[in-house]
Each structure stands twice: as C-alpha cells, then as structure tokens.
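# Quick one, what's the 3D model for this:
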Amino acid sequence: MPSVEKCMGCHKTIATGSPAIQQLAGYWERQEPIPWVRVNRLPRFVYFSHQVHVTVANLDCERCHGDVGHMAEAYPVVTMNMGWCLNCHEKQPNAAQLKDCVICHQ
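Below is the predicted model of the structure:
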C-alpha cells in the first residue's frame, strides 16, 4: 500500500479540492499513516511484486483494481487467482514465458 508521503508527492498539487484528497492531506499534516482497508487478498505463499507489473510490464493499476478514483468504496473487480494470472501472462508478449511455479510460489 502506498505511504501518505508517496500519495502526497502528487496530491500536493493535484485534485486538492477533492474531499478525499483533503482527508489525505489531513493524514499528511498529522504525520499519520493512511488506514488502508485491504480489498484484495492473496494466499500467504503467493509472492506478487507490484513493481515488476507497473514498471517493467507498464501495466496501469486500473487493469487489476478498476477505476478506484471513481468508486465510492473500493471493491474487487477481478478474481485474483492462479488462472487469472496465467491468462494475463499468456496475453502479454514478454510474460508468456514467465510461468515457472517458483516465480509466484515461495
């Protein structure tokens, strides 16, 4: 989950009038962490790196999490299971070969 510092890196200037961003700014001013509520949960034996998917594969967050910015309350938009992951890897040219079990199963 991103830190309040990471979020405020952009939201010091972006959408500052939004009630949600004003709430975020309150956490920043009080030096409090954001009280995130987990929406998606993977088994403990599954390793998942957001960094690889976002920076290397250049995938947008919306692909897995939906348009969270327009949700009144965050909710899962896909069923995150092994079949779903494998289907996505099949469709990505640079990920089709990345199906060795040890990549995700620790």
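
# ok so Leu24 is a helix residue?
Yes: assessed with DSSP: H, G, I helix; E, B strand; the rest coil, Leu24 lies in a helix.

# neighbours around it, how many?
When neighbours are counted by other Cβ atoms under 10 Å, Leu24 registers 18. Yep, even glycine has a C-beta here, placed from its N, CA and C like the rest.

# So which residue is dead centre in this structure?
In the chain, the residue lying closest to the centroid (Cα atoms, centre = their mean) is Cys61, at 5.6 Å.

# That one and Val54 touch, don't they?
Yes: contact criterion Cβ atoms under 8 Å: Cys61 and Val54 qualify, at 7.2 Å.

# can you tell me how far Cys88 sits from Ala95?
7 Å (Cβ to Cβ, to the nearest Å).

# ok, these two, which is more surrounded?
Taking other Cβ under 10 Å, Cys88 and Ala95 do not tie; Ala95 has more neighbours (19 against 16).

# where's the closest residue to the more buried one other than its chain neighbours relative to Gln23, distance?
Using Cβ to Cβ, 6 or more residues apart in numbering and skipping residues adjacent in sequence, the residue nearest Ala95 is His89, 4.3 Å away. Here the criterion is Cβ to Cβ. By it, His89 lies 37 Å from Gln23.
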